[in-house]
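*Asks:* predicted coordinates and the sequence they were generated for:
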Amino acid sequence: GESVGRHLPTLSVQEGDNSIINCAYSNSASDYFIWYKQESGKGPQFIIDIRSNMDKRQGQRVTVLLNKTVKHLSLQIAATQPGDSAVYFCAEGSSRTYKYIFGTGTRLKVLA
Amino acid sequence: KAGVTQTPRYLIKTRGQQVTLSCSPISGHRSVSWYQQTPGQGLQFLFEYFSETQRNKGNFPGRFSGRQFSNSRSEMNVSTLELGDSALYLCASSLIVLAGAKTDTQYFGPGTRLTVL
């Protein structure tokens, strides 16, 4: 099957600090990007998305940055809370192929 | 609106058996995608359906198949189960309507946890 990597990196942050989760995507033709949060035993939950004609998009406590030059995506979480502890996935999509490719995922641990 | 629902939530099968998983998308969503999630391989794309047609397929053997009904509900089937098929199978739906249209947000269901013994 298709996948991006097998190692699940972990990011540990103190409660109240900002978190930055990074993702490198593979397809320069991808035109849509999504960040998902997955808690244990649950399906991925949509957090925020961005289209390729934008560089930045903000939501509630979250910001997504897109750098198409180096094919890099990041998710910034402000004032990280214990409830933010989860695995975060980036996904790249293309309207040409009707499918999404998911990154390996990053485990975020919030330390009290 | 109700979210994506998947049934059953948990399933235990033995090698060689076959299994059918069901997915009901969000009302109005016509695109349904299936993914396999394992600790070692992450989220892997299985296939995508729109208007009862499979538009794309991932790199899985022919034992994995799916279909979509006229009400957009979808099923996937795995025949001749192997131990390695043990995984969380996720279904996601999106509003994308037309070929060539902009991609749209996928919303996931809770998944079906399949264990093959």
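*Replies:* Received it, and whenever you're ready, just let me know what you need.
*Asks:* isn't residue A:28 right next to residue A:71, touching?
*Replies:* Yes: under the criterion of Cβ atoms under 8 Å, residue A:28 makes contact with residue A:71 at 6.5 Å. The C-beta positions use only the backbone N, C-alpha and C, and glycine is treated the same way.
*Asks:* same drill for the two, tell me which one is more crowded.
*Replies:* Legend: neighbour count by other Cβ atoms under 10 Å in any protein chain shown for residue A:28 and residue A:71, higher for residue A:71 (15 against 11).
*Asks:* quick check: pLDDT value at the more buried one.
*Replies:* For residue A:71, the model assigns a pLDDT of 94.
*Asks:* and the nearest residue to it once chain neighbours are set aside, what does it touch?
*Replies:* Closest residue to residue A:71 apart from its sequence neighbours, by Cβ to Cβ, 6 or more residues apart in numbering or on different chains: residue A:25 at 5.1 Å. Counting by Cβ atoms under 8 Å, 6 or more residues apart in numbering or on different chains, residue A:25 touches A:33, A:71-73, A:90, A:92, A:101, A:103.
*Asks:* what about residue B:74, how many neighbours?
*Replies:* 25.
*Asks:* who does it form a beta bridge with?
*Replies:* Residue B:74 forms beta bridges with residue B:23, residue B:68, as assigned by DSSP bridges.
*Asks:* that one touches residue B:65, doesn't it?
*Replies:* No: using Cβ under 8 Å as the test, residue B:74 is too far from residue B:65 to be in contact (11.3 Å).
*Asks:* how many residues are close by the closest residue to residue B:12 other than its chain neighbours?
*Replies:* Nearest-residue entry for residue B:12: residue B:115, 4.8 Å, with adjacent residues in sequence omitted and distances by Cβ to Cβ, 6+ apart. For residue B:115, the number of neighbouring residues by other Cβ under 10 Å comes to 13.
*Asks:* and for residue B:84?
*Replies:* 10.
*Asks:* in a helix, that's where it is, yeah?
*Replies:* Yes: membership of residue B:84 in a helix is supported by DSSP: H, G, I helix; E, B strand; the rest coil.
*Asks:* ok, it - contacts?
*Replies:* residue B:116.
*Asks:* measure it to chain A for me?
*Replies:* 11 Å (Cβ to the nearest Cβ, to the nearest Å).
*Asks:* repeat that for residue B:111.
*Replies:* Taken as Cβ to the nearest Cβ, the span from residue B:111 to chain A is 5 Å.
*Asks:* what's across from residue A:24 in the sheet?
*Replies:* Judged by DSSP bridges, the bridge partners of residue A:24 are residue A:72.
*Asks:* got the residues of chain B near chain A?
*Replies:* Listed as neighbours of chain A in chain B under the rule Cβ under 8 Å from any Cβ of the partner chain: B:4, B:31, B:33, B:35-36, B:39-46, B:48, B:50, B:55-56, B:58-60, B:90, B:92, B:96, B:100-111.
*Asks:* show me what the worst-scoring helix or strand of chain A on mean pLDDT is packed against.
*Replies:* Lowest by mean pLDDT, DSSP states H and E among the helices and strands of chain A is strand A:99-102, with a mean of 84. If contacts are counted by 3 or more Cβ pairs under 8 Å, 6 or more residues apart in numbering or on different chains; DSSP states H and E, strand A:99-102 sits against strand A:86-94, strand B:31-38, strand B:42-50.
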